[in-house]
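J.: need coordinates for the following:
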Amino acid sequence: MTVIRSLTAIALFVLPILAADATPDAKQIFDRQLSSTEREVVGATEAMPAEKFNYAPTNGEFKGVRTFALEARHIAFEINTVASALLGEPIPSQEHDNGPDNLTSKDDIVKYMKDAFAHAHRAVATLTNQNLMELTADPFNPKGKSPRIESVAIFYWHTYDHYGQMVEYLRMNNIIPPASRPRSR
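T.: A predicted model of the protein is given here:
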């Protein structure tokens, strides 16, 4: 029994050291970042009370901006669009980029967003270190192609562009975004 414990302890000590020199796995890196993005964006979406989902500021230069609900739907629509391109699925078509018009309740919009992130995780699972530069359908140009890595980057930069707006809307309604709340130790 002592020998087994000793070998287990050695393995637990040595394996991380050997793994430190291993080539990073694209799928793991992108999925970890996607999970972080998902946690912040879904958390912010869930933090807004249902009665404030149609909030959009009116004091100042805010004419024509998306409501909180439309920001959330837009994020989910674009995530689905990129995931579809990466997976070789038909690109969702809409007359606009705010997602389905029939999604109006907080519960429906949160579900749509969670489903979009699940779709994105499936797309990220197809990434390898070898296929990052492979051309796939360009999610925003039906006749074009773009490298997988360029498309997957949209999951992050585009989502955070709109997440920033959602954070402002939360704060304008006296709600501290979950990512900004103090964490208990």
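J.: now the helices for this protein?
T.: Remark: helices assigned in the chain by DSSP state H are 2-20, 26-47, 68-87, 106-124, 148-172.
J.: now those in TSV, with distance to Arg181 and mean pLDDT?
T.: C-beta here means a position set from N, CA and C on the backbone, and glycine is covered the same way. Formatted as TSV, these follow (distance: least, CB to CB, whole Å; pLDDT from 0 to 100):
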stretch	distance to Arg181	mean pLDDT
helix 2-20	32	50
helix 26-47	9	95
helix 68-87	18	96
helix 106-124	19	97
helix 148-172	11	94
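J.: dump those to TSV, plus mean neighbour count and distance to Phe53.
T.: As requested, these are exported to TSV (neighbours: other CB atoms under 10 Å; distance: least, CB to CB, whole Å):
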stretch	mean neighbour count	distance to Phe53
helix 2-20	9	44
helix 26-47	17	9
helix 68-87	24	4
helix 106-124	19	5
helix 148-172	17	10
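J.: how about those in a markdown table, adding distance to Pro142?
T.: Compiled in a markdown table, the helices of the chain are given as follows (distance: least, CB to CB, whole Å):
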| stretch | distance to Pro142 |
| --- | --- |
| helix 2-20 | 42 |
| helix 26-47 | 25 |
| helix 68-87 | 10 |
| helix 106-124 | 18 |
| helix 148-172 | 14 |
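J.: among those helices, which is nearest Ala179?
T.: helix 26-47 (4.7 Å; CB to CB).
J.: same for the closest one, what does it pack against?
T.: Applying 3 or more CB pairs under 8 Å, 6 or more residues apart in numbering; DSSP states H and E, one finds that helix 26-47 contacts helix 106-124, helix 148-172.
J.: how about those, which one is nearest Gly64?
T.: helix 148-172 (13.1 Å).
J.: follow-up on the earlier one: now for the helices and strands packed on helix 26-47, which one comes closest to Glu95?
T.: helix 106-124 (17.1 Å).
J.: and the angle from the closest one to helix 26-47?
T.: 170 degrees (axes from the mean of the first three to the mean of the last three CA atoms, to 10 degrees).
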